[in-house]
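**Q** need a 3D model of the following:
(chains A and B)
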Amino acid sequence: MAYELMSGSQAAAVAVQRVGVDLVAAYPITPQTAIVETLANFEGRGELGGEFVSVESEYAALACSYGAAAAGARVFTATASHGLAYMHEMIHWCSGARVPIVMVNVNRTIGAPWSLDPDQGDSLSQRDTGWMQIYCSGAQEVLDTVMQAFLLSEELLLPCMVVFDGFYISHTYEAVDVPDLEKARAFIGPPTFAAQVQPEKPANIHALITGDMQADLVRSRHKTMLRAPAVFKEINQRFAETFGRSYGVIDSVMPPGTKRVIFAAGATAETVRWTLPELEETGMVQLRMFRPFPREDICNLFEAHDIEQVVVVDRNCSTGMGGILAQELQAAIYGMEKPPAVKDLILAGGIDLTPDMLIRAMTETASVDKVEQKWGVDLR
Amino acid sequence: MLPDITTQKPVYAYGTESSAVNKTGEWRFLTPERVPGLSPCRQGCLLDGEVPAWLEAVKREQWEEAWQIMSRNNPFPALTGYTCFHPCTENCNRSELDSGIDIPSVEKAIGLWRLDQYKPGRHRDLLKDEIAVIGSGPAGLSCAYYLNRAGYRVTVYEKSDQIGGMLTLGIPEYRLPRSILNKELNLLKEEGVEFVTGCEIGQDLSLDDLYEKYSEVFLAPGAWKSRKAGIPGEESRGVWNALDFLSEFNSGRQPEVTDPVIVIGGGNAAIDSARSALRMNGINHVTLVYRRSRAEMPAYQPEVEAAENEGVELIFNALPGKIETVDGKISGAEFNYSKTNRQGLAVDKTSSFHKSCGTLIMALGQEQDSSIFSSLEKDVSFYAGGDLVTGPATVSEAIRAGRIAAEAMIARLENLPEPELCLPLEDPVSFEDLYLEASVNLDIKDQQEMPEKEASRCLGCGTCNSCGICYLFCPDMAIDIVDGRYELNMDYCKGCGICYRECPSRALVLKGGK
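**A** Residues are numbered from 1 along each chain as shown, chains lettered A, B, ... in the order given. The predicted structure follows:
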């Protein structure tokens, strides 16, 4: 094991260099800039293995990535917040086009008003675009997940977003075990997907089709994505055997006697883990794979432990509805014989969740109400 | 087809047919169309010429095409290039930008190109009826050209011993080079037009005779009767009428002329006479006297200026009252002052001045001579054109008359619908109508020597001049380039109207429907 001190952003860039990509087309934006800078440095030193292209916008970044992927290239890009919003049209296009792309999104509030603080609303508001999404809670996890994401994406021919909180993870430093380059390259292997654009076999692709044909393709896409948890577990199995670290589509800590579960994604999951010993009858679930939503894994876990209540930590708010993770969870557990009550702790806008606030939140949401919304801003 | 791992059905839209099968033109509810607007040059043209169209062909160096367009209305661009007064140039919109198009120079270039194509040997099979043309001036020649082109056997009867009418006998060499005129006349002969010279209809042959022999007759003898001043001494030696003088001069014979020379008159014949006389050996001083003011002169002003620059003395508002002679030969004349008034012309007989001269040339205008009709006994309707019909006019108008007559005759003989006489000549495209922001041919500011370059300066003014702006702007690639011309492709045009908005020449309209 070779440990290096690095930030979450640097870890993402190192992962890309370990994998060996053909193209990075990217545009800088706080808090992702270090990713782009680190990759540019790799390319400058001849260590990237592929080309780095400085594009004029995030839309162009994804458009270039799409074009290269359609030509059979392994590609990576990264963005955040406004940048992600800017490429929204292309995000839809890439999943419909069934090209493998790995993109890191560093969570940051989208204005107005202008803000830099982390809010998961940027990536969550892209949840309907047909991309897989995996949320990470630390730098090591970021490095490992980015590597795995390439295999996942190329296997399913669906693009994958790897997400982590701005500043909490992108700008704080951890000791990260960096895989050996050759070992990593051997593990990942060369791209396994065919180019869509083949000059010797001219074709027109993604051209105008009828609704009937479109319906078939949508169903095909949906069914394919539903295979993601199973495929991920296979990849993770091999990853664990090679590098000694293992992850699930959800990770959980369920002390004996757990009746309540705190459900979180991203950096707050770490806070929850730390605070757990202070809480009674409480376990935690870290949601890693958000798309597809791992309904089966979650329902099985809740049933196995007869969970009565879930407190969802939402670093986001879908205005008019509430926290998005809570909403997704409610939909996932609908149909259970004894679905737990869902309490939504909304930290939208970048409120920092301290262990103290979390304990108070657990106290204040202990009622028997089936559904409850609590605002983090009231807990300070 | 890339298989989906789960279902073996295609996972994205993939096809090997060209997307051109999707005829997006079906979606149209507005349609752009090339509808020519009236170019101001066309409005002025005495020949109904499609000026911007042949300019555009020259721009693309398609000389054959330019000739085809030109000869629809004008078979003698080499001649008109020299002799026409070109009202087209006065109207040219480009002159409001930098300098107007030098239309005459391009017209001449087309004419000279045509003459260069000439290869000896009869070109045509003439299998249709025989037609007679009276007069070998521009009207007669034009009529003969168009009939011959349609396959008719034409015989042109000419009173004088030379053919060409005013072109040969009236217009001097310095205005129309003889070599070019002769080439043009020879070409007509080569193409099968027969000429009979020295034959005056009404004297040597009657109109009745002609109607006997020919299916149709075109009367274009011109207006050669010189008007008289009606003053005593007009018949003296040394007094010429302009037409006789010019005929002699232009035939290469030296008319008897003595210095100094006075020319009476204000029209083109007067100026031609003055400038011709000045070119003769022994003639040092020529004066032109006109009874009205300079502004009222019917002569083409650039010609008047040229005469002045060559040293012709110009006297206005005066006319001769009396001719003085010595031994029956003119020695001078007495002039009175005159000026235009409401009744016409006021002559002040109280004041006068004297001028000596060795020769006096009367250029008082020509009149039609209707005596030709006296030899017609039959009751027929006939075709006539040129100066006989209009009175003294221009070469260009005569050429037009000949063409219209030929077209009408052909329609009658072949039972075709009567040809349309001319375009409606209203509402020309003005300079303000043009959309020059998008224009691409504004770089060259001055008139160019090379006809292709000069032609490229034309703005089109209602006609497409192949600038390519529509092609540049069309978002659907629905414009094809065919031989340097831009064709709208209605299979794919979605009717967005951008070409219509951007066309600098305003050559397109946007119509409702498909």
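**Q** from memory residue B:509 sits against residue B:36, does it?
**A** No. Counting by Cβ atoms under 8 Å, residue B:36 is not a contact partner of residue B:509; they are 9.8 Å apart. The way it works is simple: take the backbone N, C-alpha and C, and place the C-beta from them, glycine included.
**Q** what's the neighbour count on the closest residue to chain A within the stretch 151-300 of chain B?
**A** Nearest to chain A, among the residues of the stretch 151-300 of chain B, is residue B:151, at 52.9 Å (Cβ to the nearest Cβ). Neighbour count for residue B:151, taken as other Cβ atoms under 10 Å in any protein chain shown: 14.
**Q** who has more neighbours, residue B:509 and residue B:36?
**A** The neighbour comparison of residue B:509 against residue B:36 (other Cβ under 10 Å) goes to residue B:36, with 20 against 14.
**Q** how much space separates the more buried one from residue A:82?
**A** 52 Å (Cβ to Cβ, to the nearest Å).
**Q** and if you look at residue B:196?
**A** Relative to residue A:82, and taking Cβ to Cβ, residue B:196 is found at 92 Å.
**Q** and the lowest-mean-pLDDT helix or strand in chain A, how far out from the chain's middle?
**A** Taking mean pLDDT, DSSP states H and E as the measure, chain A has strand A:204-205 as its least confident helix or strand, at a mean of 86. The chain centroid and the centroid of strand A:204-205 are separated by 31 Å under Cα atoms, centre = their mean, to the nearest Å.
**Q** elements contacting whatever helix or strand comes next after that strand?
**A** Using DSSP states H and E, the helix or strand that directly follows strand A:204-205 along the chain is helix A:211-226. The contact analysis (3 or more Cβ pairs under 8 Å, 6 or more residues apart in numbering or on different chains; DSSP states H and E) places helix A:211-226 against helix A:88-96.
**Q** residues contacting the helix it packs on, please?
**A** With contact meaning Cβ atoms under 8 Å, 6 or more residues apart in numbering or on different chains, helix A:88-96 is reached by A:59, A:62-63, A:65-66, A:69, A:84, A:101, A:126, A:129-131, A:158-159, A:206, A:217, A:221, B:12.
**Q** sheet-wise, list the partners of the very next helix or strand once past it with their directions.
**A** Next along the chain after helix A:88-96, taking DSSP H and E as the criterion, comes strand A:102-107. Counting by DSSP bridges, the strands paired with strand A:102-107 are strand A:75-79 (parallel), strand A:160-165 (parallel).
**Q** can you list those in JSON lines and add mean neighbour count?
**A** Output for those, formatted as JSON lines (neighbours: other Cβ atoms under 10 Å in any protein chain shown):
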{"stretch": "strand A:75-79", "mean neighbour count": "30"}
{"stretch": "strand A:160-165", "mean neighbour count": "28"}
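**Q** may I see these organised as TSV, with mean pLDDT added?
**A** Below are the strands paired with strand A:102-107 laid out as TSV (pLDDT from 0 to 100):
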stretch	mean pLDDT
strand A:75-79	98
strand A:160-165	98
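**Q** quick one, which of those is nearest to residue B:400?
**A** Closest approach to residue B:400 among those (Cβ to Cβ): strand A:75-79, 71.4 Å.
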